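Participant: With the sequence up front, the predicted model follows.
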Amino acid sequence: MLLNLTEVESGYDDLQILWGINLSVAAGKVTAIAGPNGAGKSTLLKTIVGTIPLNSGKIEFDGKNVSQQSQSKRLRQGISFVPEGRLLFDDLTVYENLRLAAYMVGQDRSEFTVNLENVLKLFPEINSWIQVLAGRLSGGQQQIVAVARAIVRSPRLILLDEPSVGLAPMVIQRIGDQLQKMKDSGIGVLIAEQNVQWLENVADEVVILTGGRITDNVSPKMLGSREFLRKAYLSV
């Protein structure tokens with residue numbers, strides 16, 4: 001497995017959010033985390049990427065224990081994160097946002113040039129925004145740039161936090177298409193998402209997180225069922 005979590009527990013200061021999380025993500029697969037607001041989905045992704053420290057447990061990436069590594073070191077090892085709300089630098093151009101993302105993982109200019117070309121093949125529409133300030137883009141355009149920023153780092157694992165929030169169906173479909181291409185290239189993907197209709201088309205497996213604990217593992221085909229809705233959102 002590309003990513004393995006063993007009995008992971010974390011939270012904010014004295015408030016524990018996650019309890020005994022055991023989770024694996026394979027290369028070339030999309031694993032989705034479903035559950036209600038406040039279940040701990042965002043906390044889980046932030047713990048994996050290193051913005052929230054572990055209270056206990058172990059995080060292994062590509063067979064190495066990264067539990068105590070900094071976020072920047074995890075980024076350089078190949079874990080890329082698309083946070084909810086995008087968090088682009090509004091006063092930088094799209095190009096500068098992408099270049100900065102590559103610089104943060106130690107890419108030189110030639111590496112960045114190759115990776116940028118690959119990103120523009122996935123999202124050719126970025127060509128027309130490349131010198132536009134990120135803050136002037138629409139929400140859908142910003143989300144595409146946020147995903148592109150993760151890809152330009154040439155990651156092996158991408159974490160996405162609620163990528164479909166506030167987006168038009170056409171943009172959601174575009175991002176889903178690119179997730180399929182990521183899978184085909186061997187990248188592992190872990191998504192925290194509430195849009196279950198979309199997950200049904202992109203996920204290979206779905207885990208249900210409620211109250212900071214993984215309570216079930218279901219097939220994507222179950223996502224539209226009443227049984228899934230009861231398990232994921234009513235906790236029964």
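Facilitator: The structure has been received and is ready for your questions.

Participant: quick one: the helices in the chain?
Facilitator: If you assign secondary structure with DSSP state H, the helices in the chain sit at 41-49, 71-77, 94-104, 109-122, 139-152, 169-184, 196-202, 226-229.

Participant: Show the average pLDDT along the third one.
Facilitator: Per-residue confidence for helix 94-104 averages out to 96 on the pLDDT scale.

Participant: Identify all contacting residues around it.
Facilitator: The set of residues that contact helix 94-104 without belonging to it, under CB atoms under 8 Å, 6 or more residues apart in numbering, is 72, 75, 88-89, 92, 111-112, 115-116, 119, 126, 129-132, 134, 137, 145, 148-150, 152-153. To be clear about C-beta, it is placed using only N, CA and C from the backbone, and glycine gets the same treatment.

Participant: ok so, going back, pick out the shakiest of the helices of the chain, pLDDT-wise.
Facilitator: helix 226-229 (a mean of 71).

Participant: on that earlier part again, between the helices of the chain, which gets nearest to residue 59?
Facilitator: Comparing the helices of the chain against residue 59 with CB to CB, the closest turns out to be helix 41-49 (6.2 Å).

Participant: and the helices of the chain as a markdown table, adding mean neighbour count and distance to residue 64?
Facilitator: As requested, these are arranged in a markdown table below (neighbours: other CB atoms under 10 Å; distance: least, CB to CB, whole Å):
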| stretch | mean neighbour count | distance to residue 64 |
| --- | --- | --- |
| helix 41-49 | 23 | 14 |
| helix 71-77 | 16 | 8 |
| helix 94-104 | 19 | 20 |
| helix 109-122 | 14 | 22 |
| helix 139-152 | 23 | 21 |
| helix 169-184 | 16 | 22 |
| helix 196-202 | 18 | 28 |
| helix 226-229 | 14 | 34 |
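
Participant: I'd like the ones you listed laid out as CSV, including distance to residue 190.
Facilitator: Supplementary listing: those in CSV, determined by distance: least, CB to CB, whole Å:
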stretch, distance to residue 190
helix 41-49, 7
helix 71-77, 13
helix 94-104, 19
helix 109-122, 19
helix 139-152, 12
helix 169-184, 11
helix 196-202, 12
helix 226-229, 19
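
Participant: how is this protein carved up into domains?
Facilitator: 1-78+156-236, 88-154 (automatic domain parsing).

Participant: Check the offset of the shortest one from the chain's centre.
Facilitator: The gap between where domain 88-154 is centred and where its chain is centred comes out at 16 Å by CA atoms, centre = their mean, to the nearest Å.

Participant: Then the longest one?
Facilitator: Centre-to-centre, domain 1-78+156-236 and its host chain are 7 Å apart (CA atoms, centre = their mean).

Participant: what does stretch 155-162 give?
Facilitator: For stretch 155-162 - counting by CA atoms, centre = their mean - the centre lies 3 Å from the chain centre.

Participant: That concludes my questions; thank you for your assistance.
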